[in-house]
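# coordinates only, no sequence provided:
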């Protein structure tokens, strides 16, 4: 989660992206899914309840 926030902050500073909580939440969901597909068994047990 922290990495997604950090990357979005960098995008806002260096790429002039607009700050967006929705963008951060989508990045967190995507990253969670990728780690689960890669076999992160304990992370898979964590249920993200992000709309």
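Structure's in. What do you need? Small disclaimer: the values here were computed from a predicted structure and weren't measured.

# how many neighbours does residue 32 have?
19 (other CB atoms under 10 Å). Backbone N, C-alpha and C define where each C-beta goes, glycine included.

# quick check: it touching residue 45?
No: under the criterion of CB atoms under 8 Å, residue 32 makes no contact with residue 45, lying 11.4 Å away.

# next SSE after the strand or helix carrying residue 33?
In this structure, residue 33 is located in helix 21-37 according to DSSP states H and E. In the C-terminal direction, the helix or strand that comes right after helix 21-37 (DSSP H and E) is helix 41-45.

# hmm, who's touching that next one?
For helix 41-45, contacts defined as CB atoms under 8 Å, 6 or more residues apart in numbering pick out 32, 35, 36.

# where does pLDDT dip in the chain?
47-51 (pLDDT under 70).

# what about 80?
43-51 (pLDDT under 80).

# ok, how many other residues are close to the closest residue to residue 31 other than its chain neighbours?
Among residues not flanking residue 31 along the chain, residue 4 sits closest, at 6.1 Å (CB to CB, 6 or more residues apart in numbering). Residue 4 has 18 neighbouring residues, counting by other CB under 10 Å.

# do the same with residue 30
Residue 30: 11 neighbours (other CB under 10 Å).

# so what's residue 36 closest to, chain neighbours aside?
Counting by CB to CB, 6+ apart, the residue nearest residue 36 is residue 44, at 4.6 Å.

# roughly how far apart are that neighbour and residue 3?
18 Å (CB to CB, to the nearest Å).

# which of those two has more residues huddled nearby?
Neighbour count, other CB under 10 Å: between residue 44 and residue 3, residue 44 has more, with 13 against 10.

# buried residues in stretch 30-46, which are they?
residue 32 (16 or more other CB atoms under 10 Å).

# residue contacts, the residue nearest to residue 31?
For residue 4, the contacting residues are 24, 27, 28, 31, by CB under 8 Å, 6+ apart.

# right, and the last one touches residue 3 too?
Yes: using CB under 8 Å, residue 31 makes contact with residue 3 at a distance of 7.4 Å.

# neighbours of residue 14, how many?
8.

# so how far is residue 29 from it?
Taking CB to CB, one finds residue 14 at 24 Å from residue 29.
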